[in-house]
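Colleague: model this:
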Amino acid sequence: MGHLPLALSQAGAYIADNEMTISAYLSLYERARKKLLSDKTLPAMEEHEPIYIAWNLIIQALKQKPNQEKIFQLMGFIGQCYREEIPKKLLSQYLYGSTESDGMIELNTVLKSLKEYS
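Modeller: Purely as a prediction, here's the structure:
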């Protein structure tokens, strides 16, 4: 995957979460790479290709989570925020309309799902 620490970190998280061997991941990565590049989604030899493919595998895994709708809502919202120190109460209010304990518990479940791949 070249010298891209982000892609390696994401690959490691994916391997750990899915309890697979590195060779199994590399096989999956190669199949995903061929599929993505055959669609001309990303030009061949693009320097960001490993990150893109690793992210694609992670997105597919997140789509299998029971709380996937909230995961993607949260990702979209966080993408619009300043990247540091986003208050959890703000995220809970956005996702659940509440900062009470139920909303915070649900938010923690969503954040746990995202942290599995960070």
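
Colleague: can you pull out the low-pLDDT segments for this protein?
Modeller: 1-8, 36-48 (pLDDT under 70).

Colleague: change it to 50
Modeller: In the predicted model of the chain, residues 1-3 satisfy pLDDT under 50.

Colleague: what is the lengthiest helix in it packed up against?
Modeller: Ranked by residue count under DSSP state H, the longest helix found in the chain is helix 22-38. In terms of contacts (3 or more C-beta pairs under 8 Å, 6 or more residues apart in numbering; DSSP states H and E), helix 22-38 is packed against helix 5-17, helix 49-62. Using the backbone N, CA and C atoms, a C-beta is placed for each residue, glycine as well.

Colleague: tell me what angle the last one forms with helix 22-38.
Modeller: If I follow you right, that is helix 49-62. Angle between the axes of helix 49-62 and helix 22-38 is 100 degrees (criterion: axes from the mean of the first three to the mean of the last three C-alpha atoms, to 10 degrees).

Colleague: now do the buried residues in helix 49-62.
Modeller: Buried residues in helix 49-62, defined by neighbour count with 16 or more other C-beta atoms under 10 Å: Glu49, Pro50, Ile51, Tyr52, Ile53, Ala54, Trp55, Asn56, Leu57, Ile58, Ala61, Leu62.

Colleague: and those, which is closest to Asn18?
Modeller: Ala61 (7.0 Å; C-beta to C-beta).

Colleague: pull the contacting residues for that closest one.
Modeller: Neighbour list for Ala61: Tyr14, Asp17, Asn18, Tyr117 [criterion: C-beta atoms under 8 Å, 6 or more residues apart in numbering].

Colleague: make a ChimeraX selection of the buried ones in the residues you listed.
Modeller: Selection of buried members from the contacts of Ala61 for ChimeraX, criterion 16+ other C-beta under 10 Å:
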select :14,117
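
Colleague: farthest pair within the contacts of Ala61?
Modeller: Pairwise distances across these (C-beta to C-beta) peak at 10.2 Å, for the pair Asn18 and Tyr117.

Colleague: what's the distance between Tyr29 and Glu106?
Modeller: Distance, Tyr29 to Glu106, using C-beta to C-beta, to the nearest Å: 32 Å.

Colleague: the two: who's more crowded?
Modeller: Comparing Tyr29 with Glu106 by neighbour count (other C-beta atoms under 10 Å), the higher total belongs to Tyr29, at 20 against 16.
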